[in-house]
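*Asks:* need coordinates for the below:
(2 chains)
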Amino acid sequence: MKRIVFGESVQGASHKRVDKECQDSFKKIEFDDGTVIMAIADGHGSKSCPYSKSGSSIAVNVFCKVMDEFHTSYAENLEMLLTYLNREGDTKVAQAVDAEWKRRVLKAHTNHKREVPFTEDGEKNKVEIYKQYGSTLVGLMITPIFIFAFQLGDGDISFVDNNGFDHPLEDEKILGVETHSLSKIDSWKKVVSAVRRRDESEGLPYMLMLSTDGFANSYKNADEFQKTCVDYFGMIRQYGAEAVAVNLKDWLSETSAMGCGDDITVLIAYYSDDSKLENEADANG
Amino acid sequence: MAEALKRPGGELASRPLHFFWVVDCSGSMYGEKIGTVNHAIQSTIPEMLDAAKDNPNAQLLVRTLRFSTGATWVTPNPVSIEDFAWDDLDASGVTDLGKAFEMLAAQLTIPPMTDRALPPVIVLLSDGQPTDDYKKSLDKLLHLPWGKKAVRIAISIGQDADDDVLQQFTGNRELVLQANNPQALVKMIKWASTAASLVSAPASRPKEMNIIPAGNNTPSATNAPLVLDMNNIPDPGSIGANDVW
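*Replies:* Residues are numbered from 1 along each chain as shown, chains lettered A, B, ... in the order given. Below is the predicted model:
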């Protein structure tokens, strides 16, 4: 079995027009035992969130760190980790992510000597500081025996194999431009998570994709978005992951320009049979 | 060198932004008031068109709903701003605002709205008091997901307009714009028309809790104050103060 994890973030077309930086971030970690931790985050970008690029960067780092710690603790017994995440994914895991994100945001705010807002009582107004770093967070932990999906705020987790498209986890859809955010007090309460038992070498080839909402919002409707995920899978099968990775940035820029104009991040983990992948590569010269 | 591949995927589309002019055409609007409304809205079209061109990632769709004795869609289907033309309205009859809310609500459900749309903008212009039972249909409108999210602006024309009713619609006193003379009405209509460009390039933001005061079951205007810059609403007191309807 072969695994390839790759992704891109692009500045949205509407952000380019006003020279606003891309506020998305992504991160992946791959372990020797085959486990992958991957995360994307979408900084809010509104005027009240001037440091949301930092917020999204902190978010993906925190998710990877927290899940890395769980992985390390349970490396010898992934069955126990499966049970734990199934039971505590949207409680203790979510609380750990929430608390660590907020701790790092306060630290970053201090380190950068940014203006500190105060409450009427003269206390440091932490709520206002968190708000300035607002971000969503969507992550996956893919182990040899299960997949753990985690989501706070908008974005999509998609699964595609030869049978078609599936959503391993669906968050509450909020209309308009609002989203659940790490910046809110007790943000962990809005986390949704799911664990699916799955042998990583079963049903090859398959693809897991994380994407920020700029991707789905660029398509005419949900059916067109799902068709797109299936098409990406087909492109990887036909041309190989490396060729798709090379083209991904241009594709996403074009998608944003012809779609909703928002920043877009896509992070893909593609699993295939070794021999078949080689055959595909050979076939494509 | 790696091969440049054609982008895969489904049909791309900008996000629709529905803009509704909802105009009181009752008998009390007859004459200068409806004439000013016709002229002012007509004059906003080029500016709305320019704003739409500046943001190709939003598709601005405009519609007009008139109400007097009953309510009627002047523009039966959403029309792209590029194709939108203002048909002059005349005025006669009573003020069936409830019927207008009912017809708006029918258009703000999903479908015909889609969940990927931008928050709609509704600009309501009225100079009088509702003559039908508006509360039930307003309540229905404001409890629809897109009704809650809509940017709702009202223009209160003249001294006899019922500002309390208009505030129930906007959920926010500041978004009931006062137009007591023709000059103010023109300015307020122009200001309201700019809401489309502000909504068309939104940044995401954290979801706020909808805090509804005890005893008030009307959803607050959760979107409008955060999308619109209410500091630049024209000051009605400074516009032709000696010329009052």
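*Asks:* what does stretch B:72-85 contact?
*Replies:* B:16, B:18-19, B:45, B:48-49, B:52, B:59-66, B:87, B:89, B:103 (CB atoms under 8 Å, 6 or more residues apart in numbering or on different chains). Heads up, the C-betas are built off the backbone N, CA and C, glycines and all.
*Asks:* filter these to the buried ones?
*Replies:* Taking 16 or more other CB atoms under 10 Å in any protein chain shown as the criterion, what is buried in these is B:16, B:18-19, B:45, B:48, B:52, B:59-66, B:89, B:103.
*Asks:* strands - which of these land there?
*Replies:* Under the assignment DSSP state E, these contribute B:16, B:18-19, B:59-66 to strands.
*Asks:* quick check: the gap between A:Ile40 and B:Arg205.
*Replies:* Using CB to CB, to the nearest Å, A:Ile40 is found at 18 Å from B:Arg205.
*Asks:* of the buried ones among the contacts of stretch B:72-85, just say which sits nearest to B:Trp191.
*Replies:* B:Met48 (12.4 Å; CB to CB).
*Asks:* for chain B, what's the nearest residue on the stretch 51-200 of chain A?
*Replies:* Among residues of the stretch 51-200 of chain A, the one nearest chain B by CB to the nearest CB turns out to be A:Ser181. It sits 3.6 Å away.
*Asks:* list the contacts for that residue?
*Replies:* A:44, A:134-136, A:152-153, A:187, B:205-207.
*Asks:* in three-state terms, label it for me.
*Replies:* State at A:Ser181, reduced to three classes by DSSP: H, G, I helix; E, B strand; the rest coil: coil.
*Asks:* nearest spatial neighbour of it, chain-adjacent residues omitted?
*Replies:* Spatial nearest neighbour of A:Ser181, excluding adjacent residues (CB to CB, 6 or more residues apart in numbering or on different chains): B:Pro206 at 3.6 Å.
*Asks:* tell me the centre residue of chain A?
*Replies:* What sits nearest the mean C-alpha location of chain A, by CA atoms, centre = their mean, is A:Ile40, with 2.6 Å.
*Asks:* would you agree that one falls within a strand?
*Replies:* Yes. Remark: A:Ile40 belongs to a strand, assigned using three-state DSSP.
*Asks:* surely it meets A:Asp156?
*Replies:* No. Using CB atoms under 8 Å, A:Ile40 is not in contact with A:Asp156; the gap is 9.6 Å.
*Asks:* show me the contacts for B:Ala154.
*Replies:* Counting by CB under 8 Å, 6+ apart, B:Ala154 has contacts B:123-126, B:166-167, B:169-170, B:175-177.
*Asks:* check what pLDDT the residue lying closest to A:Ser187 once chain neighbours are set aside gets.
*Replies:* Residue nearest to A:Ser187 in three dimensions, not counting chain neighbours: A:Asp98, with 5.1 Å by CB to CB, 6+ apart. Listed pLDDT for A:Asp98 reads 98.
*Asks:* which residue ranges of the chain form strands?
*Replies:* Answering for chain A, as no chain was given. A:2-10, A:24-30, A:36-42, A:137-142, A:146-152, A:156-161, A:164-169, A:178-179, A:192-197, A:206-211, A:264-272.
*Asks:* sorry, I should have been clearer: chain B.
*Replies:* With DSSP E as the criterion, chain B has strands at B:15-24, B:58-68, B:70-73, B:79-80, B:121-126, B:151-157, B:176-179, B:205-206.
*Asks:* of the contacts of A:Ser181, grab the buried ones for ChimeraX.
*Replies:* One line in ChimeraX is enough to select the buried members of the contacts of A:Ser181, burial here meaning 16+ other CB under 10 Å:
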select /A:44,134,135,136,152,153,187 /B:205,206,207
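*Asks:* and the longest helix for chain A?
*Replies:* Ranked by residue count and defined by DSSP state H, the top helix of chain A is helix A:52-73.
*Asks:* that one vs strand A:2-10, what angle?
*Replies:* 160 degrees (axes from the mean of the first three to the mean of the last three CA atoms, to 10 degrees).
*Asks:* CA atoms of helix A:52-73 as PDB?
*Replies:* C-alpha atoms of helix A:52-73 as PDB (Å, rounded to 0.1, in the frame of the first residue of the first chain):
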ATOM      1  CA  SER A  52      -6.900  35.400  12.000                       C
ATOM      2  CA  LYS A  53      -4.000  34.200   9.800                       C
ATOM      3  CA  SER A  54      -2.100  33.600  13.100                       C
ATOM      4  CA  GLY A  55      -5.200  32.100  14.500                       C
ATOM      5  CA  SER A  56      -5.500  29.500  11.700                       C
ATOM      6  CA  SER A  57      -1.800  28.700  11.900                       C
ATOM      7  CA  ILE A  58      -2.100  28.200  15.600                       C
ATOM      8  CA  ALA A  59      -5.200  26.000  15.100                       C
ATOM      9  CA  VAL A  60      -3.600  23.500  12.700                       C
ATOM     10  CA  ASN A  61      -0.400  23.300  14.900                       C
ATOM     11  CA  VAL A  62      -2.500  22.700  18.000                       C
ATOM     12  CA  PHE A  63      -4.600  20.000  16.400                       C
ATOM     13  CA  CYS A  64      -1.500  18.200  15.200                       C
ATOM     14  CA  LYS A  65       0.200  18.600  18.600                       C
ATOM     15  CA  VAL A  66      -2.800  17.400  20.600                       C
ATOM     16  CA  MET A  67      -3.400  14.400  18.300                       C
ATOM     17  CA  ASP A  68       0.400  13.700  18.300                       C
ATOM     18  CA  GLU A  69       0.300  13.400  22.000                       C
ATOM     19  CA  PHE A  70      -2.600  11.000  22.000                       C
ATOM     20  CA  HIS A  71      -0.900   9.000  19.300                       C
ATOM     21  CA  THR A  72       2.300   8.800  21.300                       C
ATOM     22  CA  SER A  73       0.400   7.800  24.500                       C
END
